[in-house]
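> got a structure for you, letters missing:
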């Protein structure tokens with residue numbers, strides 16, 4: 001047993017302790033918790049390492065180190081330890097993302113070695129709801145995307161990703177990894193869209209899912225249909241699916257400068273409860 005403050009990669013035998021840490025903040029930790037619940041702590045299945053911070057022999061903080069670097073329940077000492085480990089390893093992630101305070105502290109330590117970032121989004125409101133707004137009728141044309149509609153939904157997914165992240169998901173490997181992820185969401189019944197003449201005009205997915213919470217992601221409205229209220233009624237429809245089929249709490253996070261999206265989410269019942277931060281490379 002570790003008796004002093006220290007950090008190390010976790011192993012499959014550490015799963016119960018890791019889940020206990022994740023359960024302390026189930027909404028904020030939904031992304032990491034969903035991966036751990038689905039894959040355990042084996043790095044190959046998890047898609048990265050899970051680092052643990054121990055204080056007095058007790059696991060108190062985590063950091064997921066995969067395609068994203070994500071601090072979990074991390075105080076100042078844990079952040080310092082995770083930053084040092086990440087610095088020694090070298091940057092392997094495409095982004096840092098997580099609750100704003102520890103993510104900002106992590107980036108402050110890593111920026112001299114990993115910077116400059118392509119973009120820093122210091123405040124992304126975390127929004128949650130347990131029930132839909134009673135006065136917003138869900139769009140009846142928003143439905144689950146069928147497996148045979150993958151080719152129809154991919155252009156909208158690529159457009160959403162490119163607008164949101166600033167680079168195309170088709171770069172590098174030609175989009176193989178991204179297409180596999182979209183196919184996974186469609187195949188698991190977590191992709192929703194409104195089609196008109198075979199074209200997607202609204203879409204969203206339920207990304208992370210745990211027994212405590214799920215997270216809506218990838219919200220997109222076709223540019224020619226923006227300003228017509230599709231985001232409000234479409235989100236109301238996706239929210240109904242999420243609460244009925246996936247988890248008792250639904251969350252999402254959004255860029256603070258995206259005032260129309262924030263207003264739409266509030267309109268369907270979401271409220272802001274915290275803040276995330278993203279650093280994009």
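Right, received. Where do you want to start? All figures in this text were calculated on a predicted structure; none of them were measured in a lab. Numbering: from 1, shown residues only.
> OK, contacts around residue 155?
By CB atoms under 8 Å, 6 or more residues apart in numbering, the contact set of residue 155 is residue 200. Glycine gets a C-beta too; all of them are placed from N, C-alpha and C.
> and if you look at the one 5 residues further on?
Residues counted as contacts of residue 160 (CB under 8 Å, 6+ apart) are 203, 218-220.
> Equivalent analysis for residue 143, please.
192-194.
> so can I have a markdown table of those showing secondary structure and neighbour count?
Output for the contacts of residue 143, formatted as a markdown table (DSSP: H, G, I helix; E, B strand; the rest coil; neighbours: other CB atoms under 10 Å):
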| residue | secondary structure | neighbour count |
| --- | --- | --- |
| 192 | strand | 26 |
| 193 | strand | 26 |
| 194 | strand | 22 |
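> Report the two of the contacts of residue 160 separated the most.
203 and 219 (7.5 Å; CB to CB).
> These two - which one has more neighbours?
Between residue 203 and residue 219, counted using other CB atoms under 10 Å, residue 203 has the larger neighbour count: 24 against 20.
> Tell me what that one is bridged to.
Judged by DSSP bridges, the bridge partners of residue 203 are residue 193, residue 220.
> close enough to count as contact, it and residue 157?
Yes. Counting by CB atoms under 8 Å, residue 203 touches residue 157, with 7.3 Å between them.
> Any stretches of the protein with poor pLDDT?
Applying pLDDT under 70 to the chain picks out residues 1-4.
> Do a quick rundown of the helices in it.
15-22, 30-39, 43-46, 76-89, 100-114, 150-165, 176-187, 230-245, 259-267 (DSSP state H).
> CSV for those helices, including distance to residue 8?
Below are the helices of the chain laid out as CSV (distance: least, CB to CB, whole Å):
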stretch, distance to residue 8
helix 15-22, 12
helix 30-39, 16
helix 43-46, 13
helix 76-89, 9
helix 100-114, 18
helix 150-165, 32
helix 176-187, 29
helix 230-245, 36
helix 259-267, 39
